[in-house]
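J.: Quick one: sequence plus predicted model below, questions after.
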Amino acid sequence: MKYPTQYTKAIYLLVLPLLFSSCKKYLEEIPNNAIPSTAAITDAGTARAAILGTYNRLQNYTTDYITLGTVTADNVAFNGTLSEYLQLDQNAIPTDNVITVGVYQKIYSTINSANSVIAGLPGVTDPLLQTAEKNRILGEAYFIRALGYFDLARGWGGVQLQLTPTANINGIKGVKRSTLTQTYDQVLADLIQSEQLLPADDAITRNRVQKSAVRGLRARLALYRENWTDAATYSTQVIAQSKFALVNTYQSFFTAPYLSTESVFELTFSANNQNNYWSLWYPSALGGSYTLKPTASLISKLNDPGIGGTRKSLIAGTGSSVYGTLYNTAGTGTDPSYVLRIAELYLIRAEARAHLNELDGALADLNAIRKRAGVSPFTSGNQEEILQAIADENSVEFAFEAHRWFDLVRTKQAGKILGLTNTNFWLFPIPYSDLLSDPDVVQNPGY
Amino acid sequence: MKLKLLQLFPLLMLLAAQAFSQHKTITGKVVDQTDHQPVPGVSVRLHTKNSGTITNAQGEFTLNLPDDEKSLDFSYIGYLSQSIKVTTNTIAVQLVPDLQQLSEVVVTGYGTQERKFISGSISTIKGDQLKDIAGSSFNQLIQGKATGVQVSSDSGVPGGGITFRIRGNNSINASVEPLYVIDGVFVSSKDPITTSLGNQAGSNPLSDINPADIESLVILKDANSTAIYGSLGANGVVLVTTKRGKLNTKAKINLSTYQGWSDANKKFKTATGPQTAELANEAVINTAKDRGTDPSTVVLPFPNPSALPTYDRISDLFRTARTSNYELSAQGGTATSTYYTGLSYLKQESIVKPSGFERYTGRFNYDNNLTDKLKAGTSFNFTRTFRNVSSNDNNATGVINSAIFPRSYLPVYNADGTFARYGSFDNHIALIENLNNSAVGWRTIGNLFAEYTISPDLKLKSSWSIDNNSLYENNYSNTLISAGIASNGAASSNEGKNLVLTNEQVLTYIKSFGTDKKHNINALIGNTLSTTLSQGTGATGTGFATNALTAITDAAIRSGSSYRSQNKLVSFFGKASYTYNQKYTIDGSLRADASSKFGKNKQWGYFPSGGLTWRAGQEEFISKLGIFDELKFRASAGLSGNQNGIGDYAALGLWKAGYNYLESAGTAPSQLANPDLTWETTRQIDIGTEFAVLKNRLSFTFDYYNKYTYNLLLNVPVPYRSGFNSQLQNFGSIRNKGLELSIHSVNIETKNFSWTTDFNVSQNTNRIEKLASDISLGASGRNISILREGYAVNSFQLYKQLYVDPNTGNAVYDDVNKDGQINTADRQIAGSAIPKYTGGLTNTLTYKNFDFNFFFYFQQGNKIMNMHDFFLVHGGTQNNIGFDPRQLDRWQKPGDITDIPRLTTYSGDPTANGGAANNYGGNVARLSTRYLEDGSFIRLKNVTLGYTIPSLISQKWGISKARIYVSGTNLLTFTKYKGLDPEVSSQSGDQNTAGYDWATVPQPRTIQAGLSVTF
């Protein structure tokens, strides 16, 4: 070698800077918009953030869940270009239908958030997090998990019960689908826990869960399980609270500032956390995509003073451009998601009482709803007629909320009303992609 | 001359200022033996001592010769070295060109190498080959010019996205874009546009480079040439060298311009008002029949179809689009420094209103020999771009959709003169007049380097590079368009940047030694440190007092957002090549990379490669045959990696913030940890041969390659009950294998006339070898694209329509699982968006001062999902959508033979094969192969006729060269595809959803005329 010193010099030049700077340290990069999952719930601040995040996840699925409960039935029809909505409207739902797949995913991610709080919170020792607050957060997490499993169960049937947070994907193997009864039992267990942990209602809170919301959901659960006594008991407990009352004009519950006495539990949206569900309902002339449209039969019912009454405020527009207005904050996106309204508890109790053959009580509850809507009372009838009247009332009262489809399936009327005689299609399909990735899941029959 | 530009090892050093007591002064002049022109820059050295000088611009030199020195050595690349005995004080030297050595020197990874010794597969394109073709970006202009490179424009929007693949798609969730290196700068090819445009790729970030500044492009394809780029090289590498000046040359000032006029070859068509009404009526009648209702009892939606008017919306969309381009450059050099500087301005309109693209570029390349050992230089490029972007494709309120979807009998304006809107669609005129989405880009690509010549054979180069791509986007939707109606005006603004900083050191050793210099070594080692940063801040505002106010600060409701993510890469690399006797070359390289993106357990990756070259033509037994002027065999194998395109923090288990509720901050689990996450690795072998016959007039290059990419960075779907949808894992593999052939032929070469032909064809077979499970995606949840083991990426899964039953008029589909039902299980893979063959044919003819060039591009074997027909041949199921004329071919009565089934909206019994529900709805929901078409085409991409004004005339005007030309681009296309243009990919925002045609701007047909003058 002719130039040994130069070689050595050059090699030093290359290597020296690296000898002096630690490579490991140089390569350490962390995000500024996320925290390590291992440090996610460690003190009062992160615990509060985690439960708020769980509410946010709940918000995230509730709007699409409304679509699943409406366009599938007879009040709302598909009117746009996106065929996934057409599939729902025609009740020909392929296993990769984007809406059902999306809701299924989002409910489980809500449950995973709730599971994380339930598992992580007891270990937090922070003087700033007193027992009362800790219990409240835990109670909220149990409630949200219960609601998640309830919404899965009424859509898909018995599902896999995932009760711990996922840290490692291999650690979740082996959980098979539960039966519908087991799933509802889990919902009930969580609701009982939640009711114990949550504080009693204050006079104003309606967008975070307190005891009444739990009881309201418990009443609904009992209704779905046809446990009429429980349904009546728990709805009575909620109705008895002076905090709740039917609002006088129907439309005031979906008019700002929201959080009316009608509301047992609603999810509040804001300018910084928008709900753009209105755009599915509004025509393009008003800035929406007009994918979901009230059916002609619903329009005529709502316009009928003897059926819709003041509930005709649920629609606007004329001719072929009639559109739904329950979600109406075009532009600002601040419509709440209405999870439990006091009107529902009246109708739950009416239905339960009718089944328990307390027909007068049933009529009283039904007519409370009719009266508020400015419709003449339903005076008399036998049990069957009263039950039908309650079902019809539900259909109009909750025309654009996640009720009609689930009510038709629950009361086994989907064949009669929708012509959907194949009962396999009364449940949504388990996502095709999940069947491929999860050996523990089996498809619903008929798909 | 090109040769001299490419030489990167001018032996300019070695002026040892040794003072000798005893010496005499020698002066001399060096000229070329053939043309007797002076040769500057020749190394003149004492024969026995390490000392010497170089010749000046006039080829002259002066040297002090010690008494004990008898001879001088003269050497210069491209010439044979000479040793001359000094007998007088003045000598004249004639250098003899070295024909053997006059072979191409190719820029390779971190160095250069003579082409004849290269063992890998490398395509070279001269900057000249890109001129005269309409198109704003160099990577778009490569189409059909090089083997192994598939290039197609995603749409006809100027400066819009392109698909660029070197030897196929290697990856699913990591990037499939090659690495672009411009003058040593690693540049970002990430599309910076954040405005949502309906899933189309918003821009081609490489259109920031003015193609006229480019001297040459080198495409590295095989493992041996890309492994030196380690974890960045698996998708191939494109090395761009821009123009630089030459030492001792007079300033060459060039002025050029071209003007272009573009329009559409084909425009959208819609059924007329009466036709639409007839179709709608027929659907209602047929549906009634399907339901068992008496059709005479139904109320027809249009009792009198012929009375309906027809409103033409399509003509409003298109225009004759103008293109203007102006360039000014200066190039030259002094004895110690060289410069190239170029300025350009381009303005290009889209043939569909209102998009457009404007670009200003400035380039400054400068090199200075500070001393005879130390050279410093810089390459800087500044670009400002302006885009007027417009959402199309998958967006119901896009301009094109708003014109083609509304039924044609519906008026454009309401009775009161306001814009009419129907269903989900906006008004196209309102959009054309009011869309206000601008994107202003500032791009700085710069490099500073210093090179120290330690000895004639050994050089150390250190360089610092920056690629700063910043973009300022402002969108304003006023109350006249649907996006702004509800909110009373909506504005958004985003200022973002992608920054790549690179520092590198390279030590190069090139040495020939032994008898007749039989042994040649070309080696280098080096390191790089690189940081990639992506960050931005955005704001939105809604609610404006009037449309005249557009600033976010004027909005009633305002909100802000930001993002930032950064990754770092540390690399060490080395390569060496040894050539014996000009015949045998063996080379190898190794790179070690560590990336901040990967899991703590697997941060380092090692990428080795090796190659062999045998120049059989140099063997006596071959050359004796007298057939081959050159015959070379080469083989290479190696590993390269890929880490681009995945999140910077993909290995970490994270909870993300921003899941807020009640105006309070919330967090939620967002990502599962994977501490074992690491590179995906591509193992590639390449075997090739190059040979030339008939006195080098016919030359061939042929390659076979087999690339196997394993440990794919794959978003593996996980059970949804985990709360997650997928986890990024190293799982799965893809194989790409193919053949490449290129032929260069000098058909005629006489004094006045020459004709050359270049032909190339590439074949690639892509196959997913291993995948966790099927991944279906695309077309807004319709899942038309699928990734499945055993098939190519970008495959389409659809229900295969076998025929339309001539008796019933209902579509009959292939019942794949033979269960007598049509449901999800019967979807099948019906082709892929990836062409099997691509290639080009270029003919260049010159006659005296005329030059004529025509160029065909072809691709074969790809499918296109015609979403236009998917929507507009809907059989009546879409009340708010008009019809494409293709719907008129529907079945009407028994005996009709057609592929368009009977109109109906009946939805009963969606699983029945041959039932009415599946004609346009049901389980099939129009996901039928009747909308999938063959996308093969041959296109006369470009024809150019040029005339160079004879120098006798031009010199009178003080001009050294002047050329005028006219050219036509996309003049003729031969294809079976029924849509507007087969060169289309409107869902290109995601690499796994290629091949959709969805309300896309077609490729423009352009006529341009240009003038170039050099002073």
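T.: All right, it came through fine. Residues are numbered from 1 along each chain as shown, chains lettered A, B, ... in the order given.
J.: Phi first, then psi, for residue 437.
T.: In the absence of a named chain, chain A is used. phi -100, psi -10 (degrees, to the nearest 10).
J.: any idea how far it lies from chain B?
T.: According to Cβ to the nearest Cβ, to the nearest Å, A:Ser437 stands 4 Å off from chain B. No exception for glycine: its C-beta is placed from N, CA and C like everyone else's.
J.: And that residue, how far from B:Ala439?
T.: Per Cβ to Cβ, to the nearest Å, A:Ser437 is found 38 Å from B:Ala439.
J.: Then B:Leu63?
T.: 59 Å.
J.: just A:Thr205 next, same as before
T.: From A:Thr205 over to B:Ala439 (counting by Cβ to Cβ), the distance is 45 Å.
J.: So which of these two has more stuff around it?
T.: The residue with more neighbours, out of A:Thr205 and B:Ala439, is B:Ala439; 23 against 15, by other Cβ atoms under 10 Å in any protein chain shown.
J.: The nearest residue to B:Leu499 once chain neighbours are set aside sits in which helix or strand?
T.: Distances taken as Cβ to Cβ, 6 or more residues apart in numbering or on different chains place B:Leu533 nearest to B:Leu499, at 4.4 Å, with adjacent residues excluded. Here B:Leu533 sits within strand B:519-542, counting by DSSP states H and E.
J.: what's the answer for A:Leu191, then?
T.: Assigned by DSSP H and E, A:Leu191 falls in helix A:180-197.
J.: Check residue 3 and give its pLDDT.
T.: You didn't say which chain, so I picked chain A. On the pLDDT scale, A:Tyr3 is placed at 46.
J.: that's the other chain; I wanted chain B
T.: So B:Leu3 comes in at 36 (pLDDT).
J.: the strands in the stretch 801-950 of chain B, which residues?
T.: Counting by DSSP state E, counting those that start in this stretch, one finds strands in the stretch 801-950 of chain B at the ranges B:801-804, B:811-813, B:828-832, B:837-847, B:850-860, B:863-866, B:932-934, B:937-948.
J.: Not counting its neighbours along the chain, what's nearest residue 193?
T.: Chain wasn't specified; assuming chain A. A:Tyr142 (4.6 Å).
J.: The intended chain is chain B.
T.: Closest to B:Ile193 by Cβ to Cβ, 6+ apart is B:Gly202, at 2.9 Å.
J.: so the one you found, which of the three states?
T.: State at B:Gly202, reduced to three classes by DSSP: H, G, I helix; E, B strand; the rest coil: coil.
J.: Pull the contacting residues for it.
T.: Taking Cβ atoms under 8 Å, 6 or more residues apart in numbering or on different chains, we find B:Gly202 in contact with B:Gly160, B:Gly161, B:Asp191, B:Pro192, B:Ile193, B:Thr195, B:Val389, B:Ala439, B:Gly989.
J.: correct me, but the fourth one touches B:Glu495?
T.: No. Proximity of B:Pro192 to B:Glu495 does not meet the contact threshold set by Cβ atoms under 8 Å, at 10.6 Å.
J.: Looking at the two, which is more packed in?
T.: Neighbour totals were compared for B:Pro192 and B:Glu495, and B:Pro192 leads with 22 against 17 (other Cβ under 10 Å).
J.: what's near enough to touch that one?
T.: B:Gly202, B:Ser203, B:Pro205, B:Gly441, B:Asn469, B:Ser470, B:Leu471, B:Gly496, B:Lys497, B:Asn498.
J.: Run a quick neighbour tally on the residue nearest to B:Leu499.
T.: 17.
J.: For it, name its beta-bridge partners.
T.: B:Leu499, B:Gln566 (DSSP bridges).
J.: if we can go back for a sec, rebuild the contacts of B:Gly202 as JSON lines, extending it with secondary structure and pLDDT.
T.: Formatted as JSON lines, the contacts of B:Gly202 follow (DSSP: H, G, I helix; E, B strand; the rest coil; pLDDT from 0 to 100):
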{"residue": "B:Gly160", "secondary structure": "coil", "pLDDT": "87"}
{"residue": "B:Gly161", "secondary structure": "coil", "pLDDT": "87"}
{"residue": "B:Asp191", "secondary structure": "coil", "pLDDT": "84"}
{"residue": "B:Pro192", "secondary structure": "coil", "pLDDT": "84"}
{"residue": "B:Ile193", "secondary structure": "coil", "pLDDT": "85"}
{"residue": "B:Thr195", "secondary structure": "coil", "pLDDT": "81"}
{"residue": "B:Val389", "secondary structure": "coil", "pLDDT": "87"}
{"residue": "B:Ala439", "secondary structure": "strand", "pLDDT": "93"}
{"residue": "B:Gly989", "secondary structure": "coil", "pLDDT": "80"}
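J.: low pLDDT regions in the chain?
T.: Because you didn't say which chain, this covers chain A. Within chain A, the segments meeting pLDDT under 70 span A:1-23.
J.: nope, chain B
T.: For chain B, the ranges with pLDDT under 70 are B:1-23, B:34-35, B:77-78, B:97-103.
J.: All the helices of it, residue numbers only.
T.: Using DSSP state H, the helices of chain B run over residues B:2-6, B:138-141, B:223-226, B:273-290, B:314-317, B:399-404, B:428-434, B:482-485, B:620-623, B:867-872, B:917-920, B:951-956.
J.: ok, residues contacting the longest one?
T.: If I follow you right, that is helix B:273-290. Under Cβ under 8 Å, 6+ apart, the answer for helix B:273-290 is B:270-271, B:294-295, B:297-298, B:300-302, B:305-311, B:407-409, B:875-877, B:882-883, B:885, B:887-888, B:890, B:892, B:902-906, B:908, B:916.
J.: got it, and the third one?
T.: For helix B:223-226, the external contacting residues (Cβ under 8 Å, 6+ apart) are B:108-109, B:118-122, B:220, B:233-234, B:236-237, B:587, B:589, B:609-611, B:636-640, B:682-686, B:707.
J.: Chain neighbours aside, what residue packs nearest to the residue of chain A found nearest chain B?
T.: Nearest residue of chain A to chain B: A:Asn112, at 2.4 Å (Cβ to the nearest Cβ). Take A:Asn112 and drop its neighbours on the chain: the residue closest to it by Cβ to Cβ, 6+ apart is B:Gly723, 2.4 Å away.
J.: I'd like the distance between B:Ile351 and B:Pro158.
T.: 9 Å.
J.: Neighbour count for those two, which is higher?
T.: For B:Ile351 versus B:Pro158, neighbours defined as other Cβ under 10 Å are more numerous around B:Pro158 (31 against 24).
J.: Contact partners for that one?
T.: Going by Cβ under 8 Å, 6+ apart, B:Pro158 touches B:Ser136, B:Thr323, B:Gln348, B:Glu349, B:Ser350, B:Ser355, B:Gly356, B:Phe357.
J.: which one of the residues you listed is nearest chain A?
T.: B:Ser355 (21.5 Å).
J.: Show me what counts as buried in stretch B:249-269.
T.: B:Thr249, B:Lys252, B:Asn254, B:Ser256, B:Thr257, B:Tyr258, B:Gly260, B:Trp261, B:Ser262, B:Ala264, B:Asn265, B:Phe268 (16 or more other Cβ atoms under 10 Å in any protein chain shown).
J.: which ones are touching the residue of the stretch 651-800 of chain B found nearest chain A?
T.: The nearest approach of the stretch 651-800 of chain B to chain A comes at B:Gly723, 2.4 Å away (Cβ to the nearest Cβ). Applying Cβ under 8 Å, 6+ apart, one finds that B:Gly723 lies in contact with A:Tyr108, A:Ser109, A:Ile111, A:Asn112, A:Ser113, A:Asn115, A:Gln162, A:Pro165, A:Thr166, B:Pro669.
J.: right, and the first one touches B:Ser722 too?
T.: Yes. At 7.3 Å, A:Tyr108 counts as touching B:Ser722 under the criterion of Cβ under 8 Å.
J.: if you look at the contacts of B:Pro192, which of them are in strands?
T.: Taking DSSP state E, the ones among those that sit in strands are B:Gly441, B:Asn469, B:Ser470, B:Leu471, B:Gly496, B:Lys497, B:Asn498.
J.: Many thanks, we can stop here.
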